[in-house]
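Participant: Could you work out the structure for the sequence below:
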Amino acid sequence: MPAISIATWILALVLGIMIFLFIFRIVLTWYPQADLQRFPFNVVAVPTEPFLSPTRKLVPPIGGVDISPIIWVGILSLARELLLGQQGLLTMMNRVP
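Facilitator: Numbering: from 1, shown residues only. Below is the predicted model:
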């Protein structure tokens, strides 16, 4: 298996998991009483918080709603499409003989 295929597979897995975690984090914003320091919520909070805290400084909550997870879902979805979509860079590199 070529190295680019392995890298593509790993990158697809990581981006997919991160998108899922950010979507779950969006759902958690609907429940402010959820303690993000306790299991199982910390499984979602720990990997996403390093991305969200700088974003919150740039984009404050709008009407009391934290939109930073939504921004990261968009960024990661765009990156996944640009790299791994049908016309993505890594997909095209895999097709070259």
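
Participant: Count the residues that sit near the nearest residue to residue 88 once chain neighbours are set aside.
Facilitator: Ranked by C-beta to C-beta, 6 or more residues apart in numbering and with sequence neighbours excluded, the top spatial neighbour of residue 88 is residue 82, at 5.9 Å. No exception for glycine: its C-beta is placed from N, CA and C like everyone else's. Residues contacting residue 82 under the criterion other C-beta atoms under 10 Å number 12.

Participant: Likewise for residue 83?
Facilitator: Close neighbours of residue 83, defined as other C-beta under 10 Å, add up to 18.

Participant: now it, what's its secondary structure?
Facilitator: Of the three states, residue 83 takes helix under DSSP: H, G, I helix; E, B strand; the rest coil.

Participant: Would you confirm that it contacts residue 90?
Facilitator: Yes - in terms of C-beta atoms under 8 Å, residue 83 counts as a neighbour of residue 90; the distance is 5.0 Å.

Participant: tell me, what's touching those two both at once?
Facilitator: Here residue 83 and residue 90 share the contacting residues residue 11, scored by C-beta atoms under 8 Å, 6 or more residues apart in numbering.
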